[in-house]
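Q: Fold the following and give me the result.
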Amino acid sequence: MTQNGRIISKLFRTSVVSIIAAAIAAMLGIVIDGIVIGRYLGDDSMASYSLVTPLVNLTTAFSGILTTGAQVICAQHLGAGKVRRARRAFSMCMLMTIVISAILIIGILLLRDQIGVFLGAKNDAVLKLSSDYMLGMVFSIPSVLLLFEFNSLMRLDGDANRVIVAVAVMTVLDIAGDLLNVFVFKLGMFGMGLTTSISYFVALVIMLLHFTKKNIIFRFSLRDLRTKDILDILGTGSSSAVGSASVMVRNTVMNHIMASTAQATVAVAALGVLSTLVTFTSAVMIGIGMTCAMLAGMILGEQDRSAAHSLVSITLKVVLVVGGVLTVVLFVFAHPIASIFGSDMSQDRIELSATGIRMYSISLILSGINNAFVNYSQGMRRMITANLFCFLQNMLFAILPALALAGVLGTNAVWLSYLFSEGLTFTVIIISAAVRKRGLPIKLSDYLFLKEPFGAPEDKLYEASVSGASDVPEISAAIGEFCVRQGADDSTAQTLRMFVEETCDNIIRYGFSDKKKHSIDLRLIRNDDGWTIRFRDNCRLFDPTEWAGENIEDNSEPDTGIKKIYSCAKSVDYLNTLDLNILTIRI
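A: Residues are numbered from 1 along each chain as shown. Sure, this is the predicted structure:
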């Protein structure tokens, strides 16, 4: 038996793999385009690809707003047992996605050339290529937005494997389409964008098949929609908007800095190579961050402080491991990686790109930590904190050093801006924690950034984790002692003790029967007007309310704790989300 929160750590580890994979694959269309363009279409095409990157950032900005906003709000409502409100938020998110996609498509189709000039196209050849690429990829926008949204929401709805299948199919189609475009159809940059649009659309069709299933949480409906949900989604997703918009501005500024150097076209193309790698590594960190934000939203709904501590702990551990591996790989293999994007005719670009990759790699661990705190704060609805960290990390602390040093260091000023932005942002996070604590933040609990009051007071709360039947007697005895300390009479204490013991026994008997390792996180709270009991387990689907309904009329054991509790309960709520069974009883 350990402190409550064991399931959160295990759930994070199992969720983050699929979410990272889906996030990477969802961005692979852009990465694959960059590799094929760099190898086969030349420096002008690679420069045009780099110039369009801020527009891609704009699309992901809207995606980030909707995805994080909907994911956090839905998770929070589900954590609080409000399934209907979660469905309502989902429907509003889908409606907003359709409207935003239509506006972006129309705007890009009408203003491609003007957008290209604004993004830094310096000659007619690069401008034409940029315009062609935008024309081909513009139709991928609805699919890109929805794929990111479904990546999180389908995890909440227990269908994470479908996301992996969809993005795997998308990746194969995109690679095949890009190669056919280069060697067979020869449609240039328009063809590169078009194959991306087609592959994303096929992936979206696979994802939409989820909604033909029965017993799913999320279904689209225009009924009961509320304008307030729009504001909630936009407000909660605002830090993603700040982040993506800041990256768009940063990339635009960096493109202009590179274009002003002596090696203008090569420098912009080299930045395009690094931007492609940043897209990939960011997808990894985004996957970690999305997992953290999703679980933080659920924890916020449950008001579970110890689970928040467990979440921050496991998130930082994963960041250190994943970020460390990426740092070593990029630093050691910078030159071979840069060579993937260019032929023997582009040695200047390869050398310049390799330098940028090495400098960028040094910032990766700090980037992961900063991104984790942004997403965690977002999930906890600490929007001012999340927005501040995001703005500093992705724009202010990157642009100012680059502009200040560009005249002295040239292209190196852009490469170093990544390290400056992450190091300075990390310092601000520490300072923020110190201000909240009014002292030196040494413990992990100093970095939870919770809005107080949060959760039940410690003296009114009992929590534990159960990993097997041998833990139940000890917990049962501890429950009885806790109830007595809270002023419960002997009958109430005995009934609560029996109920917890019998419910745990039933979950273990039916839920642990697949012989896999499982846990039950238990919380008992003494409220002013009664008691709240929550069981959370990661077993196979098992609804205790159905079991109780089938067995409650059994008169062979008239005085069981389960019967007594169910008969006097104010509410009994069951929910299956994130492959967790969550039972909450208020008496």
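Q: Tyr462 against Ala478, yeah?
A: Yes: A contact is recorded between Tyr462 and Ala478 when judged using Cβ atoms under 8 Å, the distance being 6.9 Å. Bear in mind the C-beta positions are built from the backbone N, C-alpha and C, glycine included.
Q: ok, the two, which is more surrounded?
A: Legend: neighbour count by other Cβ atoms under 10 Å for Tyr462 and Ala478, higher for Tyr462 (22 against 16).
Q: so what secondary structure elements neighbour the helix or strand containing that one?
A: The secondary structure element spanning Tyr462 is strand 461-466 (assigned by DSSP states H and E). Using 3 or more Cβ pairs under 8 Å, 6 or more residues apart in numbering; DSSP states H and E as the contact test, the elements touching strand 461-466 are helix 472-485, strand 520-527.
Q: Among these, which comes closest to Ser353?
A: Comparing those against Ser353 with Cβ to Cβ, the closest turns out to be strand 520-527 (47.6 Å).
Q: Now the element after the closest one, going C-ward?
A: Along the chain past strand 520-527, the next helix or strand (assigned with DSSP H and E) turns out to be strand 530-537.
Q: and Ile299, which of the helices and strands packed on strand 461-466 is closest to it?
A: When the helices and strands packed on strand 461-466 are compared by Cβ to Cβ, strand 520-527 sits nearest Ile299, at 11.3 Å.
Q: Can I get the closest one in CSV, CA atoms only?
A: Listed next in CSV are the C-alpha coordinates belonging to strand 520-527 (Å, rounded to 0.1, in the frame of the first residue of the first chain):
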residue,chain,number,x,y,z
ILE,A,520,-7.1,1.0,-6.8
ASP,A,521,-6.7,4.5,-5.7
LEU,A,522,-9.0,5.2,-2.8
ARG,A,523,-10.1,8.6,-1.3
LEU,A,524,-12.4,9.2,1.7
ILE,A,525,-13.2,12.8,2.5
ARG,A,526,-15.1,14.1,5.5
ASN,A,527,-17.3,16.9,4.3
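Q: mind listing what's buried in it?
A: When neighbours are counted by 16 or more other Cβ atoms under 10 Å, the buried residues of strand 520-527 are found to be Ile520, Asp521, Leu522, Arg523, Leu524, Ile525, Arg526.
Q: would you turn the residues you listed into a markdown table with pLDDT?
A: A markdown table is the format used below for those (pLDDT from 0 to 100):
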| residue | pLDDT |
| --- | --- |
| Ile520 | 88 |
| Asp521 | 88 |
| Leu522 | 89 |
| Arg523 | 89 |
| Leu524 | 91 |
| Ile525 | 91 |
| Arg526 | 90 |
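Q: between those, which is nearest Ala456?
A: Taking Cβ to Cβ as the measure, Ile525 is the one of the buried residues of strand 520-527 closest to Ala456, at 4.5 Å.
Q: Surely that closest one and Cys483 touch.
A: No: using Cβ under 8 Å, Ile525 is not in contact with Cys483; the gap is 11.6 Å.
Q: and the strand holding Tyr462, which residues are buried?
A: Across strand 461-466, burial judged by 16+ other Cβ under 10 Å covers Leu461, Tyr462, Glu463, Ala464, Ser465, Val466.
Q: got the angle for that strand vs strand 520-527?
A: Following axes from the mean of the first three to the mean of the last three Cα atoms, to 10 degrees, one obtains 170 degrees for the angle between strand 461-466 and strand 520-527.
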